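Colleague: Task: produce atomic coordinates for the following.
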Amino acid sequence: MVADHLAEAAPLGAGDMAICNITDIDRARIVEAIRTAEANTAGEIYVVIAREADDFRFVPILWAALIALIVPWPLHLLTYWSAGTILLVQAVTFVLIAVATSHPVIRHRIVPSSIVAEAARKSAQAQFLSHGIHLTEERTGLLIYVALSDRRVEIVADAGINGKVNQSTWDELAQEVIHAARAGALSDGLVKVIARAGKLLAQHWPPRPLNPNELPDRVVEI
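Modeller: Predicted structure coming up:
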């Protein structure tokens, strides 16, 4: 069973969508950081960068329905409009709100934080399992998961790591990625955090004599 640490990540900020581009140079730097970190530990580090944890397409409909349900009441109490006119206004309100909030940038910003957090957590765990990070010999796989549109960073550690590294440590590493992203340097943040994670893993799991590379060293973008 997967044991996980999920870092509660703060929003990247209103203007952070522009920082999401990862170049070939960035990818190469992140991969090299993974290789360097893993050279000194039996642990395995994996990085997944997702455009979004979920598309949340149902959220604009829910907000539109909620607002459309409220709109008729003040119109009924404060105007002399006919029932037909009020129903027409209600229908137009629903359509306008649904369309306006369906834009990806807006849609991801109107999702309640608890729903975003749960979606990011589930997505990170799904990626952890789908890439076989839980199948390392000593159960020392570590996933750094970034959901760009949702402005979340999740760190998932396997059962071998759980209990030896405090939750606060993963929270701190997640926040470091976020701070770097806010400064427009997401790849720099990932490189630094990978190096720090490698040192943490090396303290508890030094390299084995052969030290096979059990997971491919790459950045997965989805």
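Colleague: if I look at the closest residue to residue 154 other than its chain neighbours, how far off is residue 68?
Modeller: Nearest residue to residue 154 in three dimensions, chain neighbours excluded: residue 124, at 3.8 Å (C-beta to C-beta, 6 or more residues apart in numbering). For every residue, glycine as well, the C-beta is placed using N, CA and C. Note on residue 124: its distance to residue 68, by C-beta to C-beta, to the nearest Å, is 35 Å.
Colleague: How about residues contacting the helix or strand of the chain with the lowest mean pLDDT?
Modeller: Least confident helix or strand of the chain, by mean pLDDT, DSSP states H and E, is helix 104-109 with a mean of 87. Identification of contacts with helix 104-109 by C-beta atoms under 8 Å, 6 or more residues apart in numbering yields 17, 52, 55-57, 59-60, 100-101, 116, 149-151.
Colleague: if we go to 7 Å?
Modeller: The contact list for helix 104-109, computed with C-beta atoms under 7 Å, 6 or more residues apart in numbering, reads 17, 52, 56, 59-60, 100-101, 149-150.
Colleague: out of residue 124 and residue 68, which sits in the busier spot?
Modeller: residue 124 (26 against 19; other C-beta atoms under 10 Å).
Colleague: so the more buried one is in which element?
Modeller: helix 113-130 (DSSP states H and E).
Colleague: List the buried residues of that helix.
Modeller: Going by neighbour count (16 or more other C-beta atoms under 10 Å), the buried part of helix 113-130 is 116-117, 119-121, 123-125, 127-128.
Colleague: repeat for stretch 56-73
Modeller: Neighbour count says stretch 56-73 has 56, 59-60, 63-64, 67-68, 71-72 buried, by 16+ other C-beta under 10 Å.
Colleague: who touches it?
Modeller: So stretch 56-73 is in contact with 86, 89-90, 93-94, 97-98, 101-102, 107-108, 110-111, going by C-beta under 7 Å, 6+ apart.
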